[in-house]
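1. build me a structure from this.
(one chain, ligands or ions: 1)
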Amino acid sequence: MRAALIQLTSSDDPAANLPVTRGLVARAATDGAEFVTTPEVTNCVSADRAHQQRVLTTEEDDPTLAALREDAARLGVWLHIGSLGIASGDADGRLANRGFLIGPDGGIAARYDKIHMFDVQVSETETYRESAGYRPGDRAVLAQTPLAAFGLTICYDLRFPQLHRALGQAGAEVLLVPAAFSPLTGQAHWEVLLRARAIETGCFVLAAAQTGQHTASAGRARRTHGHSLAVAPWGEVIADAGTAPGVTMVDLDLGQVAEARGKVPSLTHDRPFDAP
Ligand SMILES: O=C(O)CNC(=O)[C@H](CS)NC(=O)CCC(=O)C(=O)O
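-> Purely as a prediction, here's the structure:
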C-alpha cells in the first residue's frame, strides 16, 4: 500500500486552510498514494475555544468535509481526515474532535470521536484544557477496507495503550494517530510512544502531524511538534517528515504485520491477574 502523510500548519481560519489541504492531498494522489492521512484538527488550530465554536459547524454543513469528500472521489483515494472540529449538538456548545475515513466513492466509511482529552499542564506557563472545548467520544473504531484494517485514534489517545491493544486484537493492521502534539512533550515522548504502540500491537503506525507556529490568540501563539512519522510493526521509523508542511510518501508491506506478530505473539498472550 502506498500511503501519504500530510503535514500542516493549520491556522484558525478554516476557509484559508482548505485550499492548502486540498493541494497537498492532490499532490499525494499524483505521487501514487492510495491512502492519504491528515493531522488532528485539519480545519482549525486555535487556542481560543470561543473562536473555534464560532467558526466551526456541523458535519452536514462543514465545507472542509464536503470538499475533501469530493477530492477523495475525484482522485480515487482512501482519505483519512485525522480530525475536524465539528459542532456536536452538545448543550454546552462543545465540539467533537472527530476523525473521518472517506472512501474512493466519496462516502464516509468510518468516523471516530477522540476519547481521551488533553487536560494537562505541561509546564508552568503552558496549560491545555481540551475537555472545555470538546466532548469526548466513548467508542473505539476499526475500519475494514480493501487496502487494510485501520484503527482510528487521535493524538493524546497515544498515551492509552489499552486502546491500541484493543484495536490490534480486533484486527487492526494500521493504527492512525493524527496529532497536534505540543513541542515540549513532542520532543520527549512522541517518537518513543509511536514506536512502542507499533511494537506492542504489531501494527504499522501512521501519524500525520500539525507543525510549527499557528495563529496566536490573546497574545499567545500555539506551536506544534511536527515530525509526522511512519513506523513499521517491528518498530523501525520508516519516514519522518521533519518540521516543514508537505507530503511524505511511504510504501507499506502489510505482510510485515503477520511477520512481526509471528516472531513475538504478545498480542495473544494476555493473562488474567488480580488487581494490584
Ligand atoms: O485543541 C484543539 O483544537 C484540538 N486538540 C488538540 O490539539 C489536542 C488538545 S490541546 N492536543 C493534544 O491532544 C496533544 C497531546 C500532546 O501533546 C501529548 O500527549 O503530549
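
2. with adjacent residues omitted, what lies nearest to the residue in the stretch 151-276 of the chain positioned nearest to the ligand?
-> Closest contact between the stretch 151-276 of the chain and the ligand, by CB to the nearest ligand atom, is at T185 (3.0 Å). Bear in mind the C-beta positions are built from the backbone N, C-alpha and C, glycine included. Nearest residue to T185, sequence neighbours excluded (CB to CB, 6 or more residues apart in numbering): V122, at 5.8 Å.

3. before we move on, back to that, and the residue of the stretch 151-276 of the chain closest to the ligand, what's its pLDDT?
-> Per-residue confidence (pLDDT) for T185: 97.

4. what helix or strand does it sit in?
-> helix 183-185 (DSSP states H and E).

5. just checking, what packs against the helix or strand following that helix?
-> On the C-terminal side of helix 183-185, the nearest following helix or strand under DSSP H and E is helix 191-201. Counting contacts by 3 or more CB pairs under 8 Å, 6 or more residues apart in numbering; DSSP states H and E, helix 191-201 packs against helix 161-169, strand 174-176, strand 204-207, strand 229-231.

6. need the winner for burial among these.
-> Comparing the helices and strands packed on helix 191-201 by mean neighbour count (mean count of other CB atoms under 10 Å), strand 204-207 ranks first with a mean of 29.

7. tell me which residues in stretch 20-27 are buried?
-> V20, T21, R22, L24, V25, A26, R27 (16 or more other CB atoms under 10 Å).

8. in three-state terms, label the second one for me.
-> Following DSSP: H, G, I helix; E, B strand; the rest coil, the label given to T21 is helix.

9. can you tell me which residues contact it?
-> Contacts here follow CB atoms under 8 Å, 6 or more residues apart in numbering; on that basis T21 touches I6, L8, S10, T38, T42, T64, L68.

10. ok, which of the helices and strands packed on helix 191-201 comes nearest G103?
-> strand 174-176 (14.9 Å; CB to CB).

11. which residue is nearest the middle of this protein?
-> P178 (1.6 Å; CA atoms, centre = their mean).

12. hmm, back to that, tell me which entries of the contacts of T21 lie within strands.
-> The members of the contacts of T21 that map onto strands under DSSP state E are I6.

13. mind checking which of the contacts of T21 are in helices?
-> When DSSP state H defines the helices, the subset of those inside them is T64, L68.

14. considering the contacts of T21, which possesses the most neighbours?
-> Neighbour counts for the contacts of T21 (other CB atoms under 10 Å) peak at T38, which has 32 neighbours.

15. looks like that residue contacts V25 (just checking).
-> Yes. Applying CB atoms under 8 Å, one finds T38 in contact with V25, separated by 7.5 Å.

16. tell me, what's touching these two both at once?
-> With contacts defined as CB under 8 Å, 6+ apart, the residues shared by T38 and V25 are I6, L79.

17. is R261 in contact with G255, as I believe?
-> No. Applying CB under 8 Å, one finds R261 not in contact with G255, separated by 11.1 Å.

18. more neighbours, the two?
-> R261 (17 against 9).

19. what comes up buried for the host helix or strand of that one?
-> Taking DSSP H and E as the definition, one finds R261 inside helix 255-263. Using 16+ other CB under 10 Å as the test for burial, helix 255-263 gives Q256, V257, A260, R261.

20. next one: stretch 144-151
-> Neighbour counts over stretch 144-151 (16+ other CB under 10 Å) mark T145, L147, A148, A149, F150, G151 as buried.

21. how close does the third one get to Q7?
-> Going from A148 to Q7 by CB to CB, to the nearest Å gives 21 Å.

22. same check on the fifth one?
-> To Q7, F150 is 19 Å away according to CB to CB.

23. so which two of the buried residues of helix 255-263 are the farthest from each other?
-> Q256 and R261 (9.5 Å).

24. next SSE downstream of the helix or strand hosting L79?
-> Per DSSP H and E, L79 falls inside strand 78-87. Toward the C-terminal end, the helix or strand that comes next after strand 78-87 (DSSP H and E) is strand 95-102.
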